[in-house]
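**Q** Need the 3D shape of this:
(one chain, ligands or ions: 1)
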Amino acid sequence: MAKNIDIYRINNSFRRFSILLCMLTGLFLAGCTSASENTLQPPAQTAAEAATEAATAAAATEAAEAAAAIAETFDFEKRTVLLNSGYEMPIIGLGTWTLSDDQAENSVYHALKSGMRLIDTARYYGNETGVGRGLQKAIDEGLVTREDVFITSKIFGGSYETAGGIIDDALKDLNVDYIDLMLIHQPGADDEGVYHAMEDAVKDGRLRSIGISNYYTAEQVDTVLSFAEITPAVIQNENHLFYQNTELQEYVRQYGIVIESWYPFGGRGHTSEHFGNEVIRELAEKYGKSPTQIILRWHLQAGFIAIPGSSNPEHIAENYDIFGFELTDGEMQRIRELDQQARYENW
Ligand SMILES: NC(=O)c1ccc[n+]([C@@H]2O[C@H](COP(=O)([O-])OP(=O)(O)OC[C@H]3O[C@@H](n4cnc5c(N)ncnc54)[C@H](OP(=O)(O)O)[C@@H]3O)[C@@H](O)[C@H]2O)c1
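**A** Alright, predicted model coming up:
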């Protein structure tokens, strides 16, 4: 993996140098052309326009290439990504925010029955017991084994002294003897203490991978890296058509950190803005898929793990049925251009 990162850096530096060279050449040629045709257009304006166009095109190409390289780490056959912790994580799963214990039990059971192998919950959601019951039901029916399923939970608040106990409570409520991924739910007063408690739990086998959630800037990530003994494997953030974490994704790639999207459809109350989007509808028609399937396919091809929330078994099955088609580079770019850097939440 370290070798790949080095090659990426070299490629990246070379690409940046090439882009700069192209821009300077463009600027020079535009200046020459303008000078010989200065009766048609003022030279300064033409040169400036050419430079802006070249810069925009170069930036778009660079971003698209970076996203494609990240998505290449996703194994679409196995439907997993290899985390920097050495564990494989499914790239599409079920979110359980707002689900009651009973709803969570039902949704988890149907998700596992549909083939999904990733389940996202949190201490804060108050439904880990239901998630555990849904998992157990699927195990009892022989649909899955514990090892087949990847469970994520999150610690909200706490300190070094309390976080160990919070992890034990999560294990008890989920009725499992390890949790695949534990995240700090959002930045808090003692992130360092909580993170070290999670590292202890990795060392004694209660957790397999650890990460963070709701850290949106390179500076925030750097702070965690400054005290982390174990590099976070995943950052789970608000991430959707209108708020794409592309810059952060590119930054954390050097550490092998994967971005996971919460609110892949904008969250309850906002889904119609996403499902009704013109570009999404057009692509849904082209592929004979639903808007949700187009959106989820975009998340995955862009290198984002997605955990759509649902209490509806039919929706859950639909959300997993996204492996029989592929968006083109041009279509990925059109969706990328929907980004407005507009979040719905402020935590
Ligand atoms: N780390 C954090 O701070 C954080 C914050 C928020 C969420 N999350 C996680 O991210 C997950 C996803 O976010 P979310 O659940 O809030 O929002 P979401 O996945 O963007 O949207 C959920 C909404 O989409 C609908 N839906 C799902 N599949 C559908 C389909 N195939 N067709 C039509 N409608 C469909 C659901 O309705 P139905 O129930 O009717 O299907 C629900 O109204 C959460 O469940 C949670 O696990 C994490």
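
**Q** What's opposite the residue most central in space within the chain in the beta bridge?
**A** Closest residue to the average C-alpha location of the chain: E260 at 2.6 Å, with CA atoms, centre = their mean. For E260, the beta-bridge partners under DSSP bridges are Q236, I305.

**Q** what's near enough to touch it?
**A** V234, I235, Q236, N237, N239, F304, I305, A306, I307 (CB atoms under 8 Å, 6 or more residues apart in numbering). To be clear about C-beta, it is placed using only N, CA and C from the backbone, and glycine gets the same treatment.

**Q** Filter the residues you listed down to the buried ones, PyMOL style.
**A** Provided next is the PyMOL selection string for whichever of those are buried by 16 or more other CB atoms under 10 Å:
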select buried, resi 234+235+236+237+239+304+305+306+307
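
**Q** Any chance of JSON lines for the contacts of E260, columns distance to H185?
**A** Shown next, in JSON lines, are these (distance: CB to CB, whole Å):
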{"residue": "V234", "distance to H185": "13"}
{"residue": "I235", "distance to H185": "12"}
{"residue": "Q236", "distance to H185": "9"}
{"residue": "N237", "distance to H185": "12"}
{"residue": "N239", "distance to H185": "16"}
{"residue": "F304", "distance to H185": "19"}
{"residue": "I305", "distance to H185": "17"}
{"residue": "A306", "distance to H185": "19"}
{"residue": "I307", "distance to H185": "14"}
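
**Q** near the ligand, from the contacts of E260?
**A** Among the contacts of E260, proximity to the ligand is found for Q236, I307 (CB under 6 Å from any ligand atom).

**Q** Out of the contacts of E260, the closest to E72 would be?
**A** F304 (13.6 Å; CB to CB).

**Q** What parts of the chain come near the ligand?
**A** Within the chain, the positions lying close to the ligand (CB under 6 Å from any ligand atom) are 95-97, 120, 185, 213-214, 236, 262-268, 271, 292, 307-312, 315, 318-319.

**Q** quick one: which of the residues you listed sit in helices?
**A** If you go by DSSP state H, those have T271, T292, H315, E318, N319 in helices.

**Q** So which of those residues is surrounded by the most neighbours?
**A** Counting neighbours by other CB atoms under 10 Å, N319 leads those with 28 neighbours.

**Q** And the ones in helices among the residues of the chain next to the ligand, which two are furthest apart?
**A** Using CB to CB, these reach their maximum pairwise distance at T271 and E318, which is 13.3 Å.

**Q** quick one on the thing from earlier: for the residue nearest to the centre of the chain, give its distance to P187.
**A** E260 sits 17 Å away from P187, going by CB to CB, to the nearest Å.

**Q** What of A197?
**A** Using CB to CB, A197 is found at 16 Å from P187.

**Q** Sounds good, over and out.
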